[in-house]
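Trainee: Next comes the sequence, and after it the predicted model I'd like to discuss.
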Amino acid sequence: MAVFHISPALHFQVPVGTVVKTADGRFLADLDKEGTMFVLARGGAGGHGNHYFTTDVVQCPVVAEYGARGEDFSYCIEVKSMAHFGLVGLPNAGKSTLLQAISRARPKVAPYPFTTLKPHLGMVEFSDYEQIAVADLPGLIEGSHKNRGLGIGFLKHVERCSCLLMVVDLSSDPIADLALLRREIELYNPQLSSRRQIVVGNKIDVKESEESLDLLIKSEGESNVFGVSAKFGTNLTNLLLRMKEIYDSHLSEGDVSKQNVDEK
């Protein structure tokens, strides 16, 4: 947990990943590490009670001092999911089913849009006991960058993820769906366009989905596309191995960066 500190004595614990902004949206702090603290407001200096003014002559003075006024601010507090991978897709693409298949998380699954109203985190544990956090994010629709649908409530969680799993429905038009997802992410924050991505073609068990998968592979490249069936567990092992490779690569790059900083 991270901590908000209001001097002199009030402390509030908040989830790791909490962001503090001013009332007009100016960024102040990102509590993205365990134990991080941010001072919201400082209390005023305390005054003196009548006991402070006692003397040998006046044992019961009737004078005292008021304390100084403390700081008074308004803040906007946001919580963003902390996950290594984020499942990004249109409503009913199968993101929640995929998270259930690869982790112990149990998000709501139903045959209608917007069953996921808030992010769900699942932990994927590998044979070397390494754990990777995966977030099932609410469904994205056209115009989400303008706050349509779940809008910004979805998109702000993408910023935390090191890699995005772009989940598309192979029984629909996966190429058009993928283009829509990328366009909405870019319009929300152009920097997210350079974030590493894996394309997951879900529902390969559905009839005629193989043709859609072939078109997707031709468009994106075979090494970056995984045709899976989250419902039946088809090809999930290969997807998890690729996720582990990306995770290990990200850790290695982080270690190199740290060494460079230390050397400087």
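Mentor: On my side now, so go ahead. Source: prediction; values computed, not measured. Numbers count the residues shown, from 1 in each chain.
Trainee: The stretch 1-150 of the chain: strands as residue ranges?
Mentor: 2-6, 10-14, 18-22, 27-31, 37-41, 75-79, 85-89, 120-125, 131-136 (DSSP state E, counting those that start in this stretch).
Trainee: so which of the ones you listed is the most packed in?
Mentor: Most buried of these, by mean neighbour count (mean count of other Cβ atoms under 10 Å): strand 85-89, with a mean of 27. No exception for glycine: its C-beta is placed from N, CA and C like everyone else's.
Trainee: centre of the chain versus it, how much separation?
Mentor: The chain centre lies 10 Å from the centre of strand 85-89; the measure is Cα atoms, centre = their mean, to the nearest Å.
Trainee: returning to that earlier point: and of the strands of the stretch 1-150 of the chain, who's closest to Leu180?
Mentor: Across the strands of the stretch 1-150 of the chain, Leu180 has its closest neighbour in strand 85-89 (10.2 Å, Cβ to Cβ).
Trainee: And the nearest residue to Ala68 once chain neighbours are set aside, how far from Asp248?
Mentor: Spatial nearest neighbour of Ala68, excluding adjacent residues (Cβ to Cβ, 6 or more residues apart in numbering): Gly44 at 3.4 Å. According to Cβ to Cβ, to the nearest Å, Gly44 stands 51 Å off from Asp248.
Trainee: Give me the distance between Thr54 and Pro61.
Mentor: Counting by Cβ to Cβ - Thr54 and Pro61 are separated by 6 Å.
Trainee: Nearest residue to Val63 in space, ignoring adjacent ones along the chain?
Mentor: Distances taken as Cβ to Cβ, 6+ apart place Phe53 nearest to Val63, at 5.4 Å, with adjacent residues excluded.
Trainee: For the stretch 101-250 of the chain, give me the ranges with low pLDDT.
Mentor: Along the stretch 101-250 of the chain, segments meeting pLDDT under 70 span 105-118, 141, 143-154.
Trainee: now with 50?
Mentor: Residue ranges of the stretch 101-250 of the chain with pLDDT under 50: 112, 151.
Trainee: Now do the helices in it.
Mentor: Ranges of helices in the stretch 101-250 of the chain, per DSSP state H, counting those that start in this stretch, are 152-158, 174-188, 209-220, 236-263.
Trainee: For the third one, which helices and strands make contact with it?
Mentor: The helices and strands touching helix 209-220, judged by 3 or more Cβ pairs under 8 Å, 6 or more residues apart in numbering; DSSP states H and E, are helix 174-188, strand 196-202, strand 225-227.
Trainee: Please convert those to TSV, extending it with distance to Gly35 and mean neighbour count.
Mentor: Below are the helices and strands packed on helix 209-220 laid out as TSV (distance: least, Cβ to Cβ, whole Å; neighbours: other Cβ atoms under 10 Å):
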stretch	distance to Gly35	mean neighbour count
helix 174-188	30	19
strand 196-202	29	22
strand 225-227	37	23
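Trainee: can you list those in a markdown table and add distance to Arg160?
Mentor: As requested, the helices and strands packed on helix 209-220 are exported to a markdown table (distance: least, Cβ to Cβ, whole Å):
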| stretch | distance to Arg160 |
| --- | --- |
| helix 174-188 | 13 |
| strand 196-202 | 14 |
| strand 225-227 | 22 |
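Trainee: returning to that earlier point: how about the helices of the stretch 101-250 of the chain in a markdown table, adding distance to Tyr75?
Mentor: Listed next are those as a markdown table, based on distance: least, Cβ to Cβ, whole Å:
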| stretch | distance to Tyr75 |
| --- | --- |
| helix 152-158 | 16 |
| helix 174-188 | 23 |
| helix 209-220 | 42 |
| helix 236-263 | 30 |
